[in-house]
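In: Quick one: sequence plus predicted model below, questions after.
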Amino acid sequence: MGVDLRVLFFIMLGVALFLFYLRFGGQPITPANLYEVLLDVLLVPSALMTAGIFLLLFLRVDVRSATLQAIDKISNQTVSFVAAVPPELEKTIKAKFVERQDTDGDGFKEWVVFYEYDLQTGTNPLQVTIYDNDRGNPPVIFPYQLRVPDRDYLSENALGVQISLADVTTDANGPNRQNIPEVLVQDGQQLSIFRYNGRFDTNVWDPPSDSPPRYVAIGAFKGTGGVDIDLESGNKAVTVIDRDKYNRSQLAERVIYALNPVTSTYWDDYDSTRLAAPIMSTVDFFSGPPEDIAQTAYPEKVVLAFYASTCGTTDTTLCRWAGQWKPEQFLVKDDTAWNEYQNPAGGPAYFGLNSFSASRNLQVKDIRYYPALESVNTRDLTTGPQPTTNVVDIKFTVDGGLDEARSCMMLFSNGQWKISECTPSNLVISNSSAPGSINTSTAQ
C-alpha cells in the first residue's frame with residue numbers, strides 16, 4: 001500500500017508549525033523570525049556535513065565504495081552489483097564501486113564496475129568489468145572485461161584508482177569507422193590503456209560475447225615512482241619512474257615509451273605481451289636534485305650531477321638539468337680529474353664525453369656505489385664516524401654514441417664529496433643488483 005502524500009504533507013506542516021512555536025515561544029511570525037528559521041535550516045545540515053566530511057577524511061573512508069554499499073542497502077528495485085555476487089564467491093570477489101561512462105561512443109553510459117579479488121587482509125588487487133546493454137530484446141546486461149597481458153591486476157589502490165576517456169589513438173575503431181576514445185585506468189603508479197574493438201561488431205541481435213575482446217589493451221605500465229601520460233604530445237609519451245632499483249639516495253630510473261604510429265599500441269612488434277623498447281631511459285634524480293647538491297651525503301648524486309653539468313641544452317634525458325651546475329665544482333682541485341678537466345686537448349674523452357659544455361642526449365644506464373667501502377674508510381669526528389672515500393661506477397651514452405663506463409674515485413673533503421679520478425671500467429649491466437648498488441637495466 002502506497003503512502004498518501006497529501007496526508008503526509010499536512011502531518012509535516014503541523015509538526016513544522018509546532019516546532020516553530022516552540023522555537024520562538026509563541027511570538028508572532030515576523031520577517032526576522034523567518035530569517036532566523038532559514039539560518040537554522042541551513043546551519044544544521046552544513047554543520048552535520050562538515051563533521052561528516054571530517055570523519056570521512058579522518059577514517060580514510062572510500063566514498064565511492066561506501067556509496068555503493070549504501071545504495072545496495074536501501075534499494076532492492078535496481079540491479080545491485082554488490083548483491084549480484086553469489087554466496088560461494090563472497091570471500092573471493094566483491095564490487096568496490098561503480099561508475100557510469102560511455103566507453104563505446106554509442107551515447108549510453110555503461111556500468112564500469114571495479115572489483116576487488118583474491119580478498120585478503122590488506123591490499124587487494126583490482127579488476128575492471130564494463131557492463132553493457134547492447135544485445136538482446138529485452139537487453140542483456142553483459143560483462144566485458146578489461147584485461148592486460150598475463151592477467152595482471154589493474155591496480156592495488158582502491159582509494160586512488162580512476163577511469164577516464166581520452167584520444168590516445170585516432171584509428172577508426174568504432175562500428176561506423178568513427179574514432180572512439182580509449183579507456184584509461186590509472187592510480188598514479190599504474191596505467192592501463194584499452195581501445196574499443198567494435199569495428200566489425202554491428203549486429204545487435206547477435207548473442208553477446210567477449211571473444212574477441214571488446215576492449216583490447218594497447219599498453220600497461222607500472223612504476224613505483226609514478227606513471228604519467230602526456231596526452232598533448234604527438235607520440236602520447238608515457239613516463240614511468242621506478243624507484244625499486246636504488247638503495248638510499250633517492251635516485252630512480254626514468255623511462256619514456258612512445259605510441260607506435262603504425263600499430264597504434266605500445267607493444268613490441270613481435271610480442272604483444274611486452275612493451276616495445278623505450279625511446280629514452282636514464283637514471284635520474286627522483287623528484288629533483290637537492291637544492292645544494294654540493295652538500296649531499298651521497299657521492300653517487302655528485303657523479304650524476306657532474307655529467308648533467310656538461311649538457312649544453314635541455315632535453316628529456318639527464319640533460320633536463322642543463323645549466324644547473326658547472327663541472328669544476330664537483331672535482332678535487334689539482335687532482336687527476338681536475339688536471340684532465342683543464343686539458344684542452346683530450347679532457348672530455350677522459351670522462352667519456354665529447355664536450356664539457358655541449359653534451360646532449362645523456363642517458364645513464366647504470367650507476368653503482370659501495371657502502372662497504374664507506375664503512376671501512378672512515379674518519380672519527382665528535383659527531384661520529386664520517387666516510388672519507390668511495391667508488392661510483394657509471395655507465396652511460398651521450399650524443400647518440402656507444403656505451404661509456406667510468407669508475408670514479410670519490411673523496412670527502414671540507415664537507416663535500418668530490419671526484420678525484422675517473423678511469424675506464426668494464427661495468428656490466430645485469431638483471432640483479434648487488435647489495436649497495438643501483439642497477440637500472442630496463443626490463444621489458
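Out: Sure, I can see it.
In: alpha carbons only for contacts and neighbour counts from here, please
Out: OK.
In: Any stretches of the protein with poor pLDDT?
Out: 1-3, 26-29, 56, 61, 66, 68-78, 199-202, 344, 380-385, 427-444 (pLDDT under 70).
In: how about the helices in it?
Out: Using DSSP state H, the helices of the chain run over 5-24, 31-58, 63-74, 299-308, 336-342, 347-350, 371-376.
In: Pick the most deeply packed of the ones you listed.
Out: Each of the helices of the chain was scored by mean neighbour count; the highest is helix 299-308, a mean of 25, by mean count of other CA atoms under 10 Å.
In: chain center to it, what's the gap?
Out: 26 Å (CA atoms, centre = their mean, to the nearest Å).
In: cool, stretch 38-45 as well?
Out: For stretch 38-45, the distance to the chain centre is 42 Å (CA atoms, centre = their mean).
In: CA atoms only for that stretch - export them in CSV, please.
Out: Output in CSV follows, covering the C-alpha atoms of stretch 38-45 (Å, rounded to 0.1, in the frame of the first residue of the first chain):
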residue,chain,number,x,y,z
LEU,A,38,16.2,30.0,7.4
LEU,A,39,19.6,30.3,9.1
ASP,A,40,18.8,27.4,11.4
VAL,A,41,17.7,25.2,8.5
LEU,A,42,21.0,26.0,6.6
LEU,A,43,23.2,25.8,9.7
VAL,A,44,22.3,22.4,10.9
PRO,A,45,22.9,20.4,7.7
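In: Let me see the ranges of the strands in the stretch 51-200 of the chain.
Out: Here the stretch 51-200 of the chain has its strands, by DSSP state E, counting those that start in this stretch, at 93-101, 110-117, 126-135, 140-146, 162-166, 182-186, 190-196.
In: what's the angle between the third one and strand 140-146?
Out: Put plainly, it is strand 126-135. 140 degrees (axes from the mean of the first three to the mean of the last three CA atoms, to 10 degrees).
In: buried set for strand 126-135?
Out: With burial defined by 16 or more other CA atoms under 10 Å, the residues of strand 126-135 counted as buried are 126, 127, 128, 129, 130, 131, 132, 133, 134, 135.
In: and if you look at the first one?
Out: Buried residues in strand 93-101, counting neighbours by 16+ other CA under 10 Å, are found at 93, 94, 95, 96, 97, 98, 101.
In: between those, which is nearest residue 219?
Out: Set against residue 219, the nearest of the buried residues of strand 93-101 by CA to CA is residue 101 (20.5 Å).
In: any idea how far the residue nearest to residue 191 when sequence neighbours are not counted lies from residue 160?
Out: What sits nearest to residue 191 in space, not counting adjacent residues and going by CA to CA, 6 or more residues apart in numbering, is residue 221, at 5.2 Å. To residue 160, residue 221 is 16 Å away according to CA to CA, to the nearest Å.
In: So which of those two has more stuff around it?
Out: The neighbour count for residue 221 versus residue 160, taken as other CA atoms under 10 Å, is higher for residue 221 (21 against 12).
In: Hmm, residue 229 and that one touching each other?
Out: No. Look at residue 221 against residue 229 with CA atoms under 8 Å: they stay out of range, at 10.2 Å.
In: quick one: the strands in the stretch 301-444 of the chain?
Out: 363-369, 378-381, 384-387, 389-397, 404-413, 416-424, 437-438.
In: Can you check which of these gets nearest to residue 332?
Out: Comparing those by CA to CA, strand 416-424 comes nearest, at 5.3 Å.
In: quick one, that closest one and strand 404-413 angle?
Out: 150 degrees.
In: Which other helices and strands does strand 416-424 contact?
Out: The contact analysis (3 or more CA pairs under 8 Å, 6 or more residues apart in numbering; DSSP states H and E) places strand 416-424 against helix 299-308, helix 336-342, strand 404-413.
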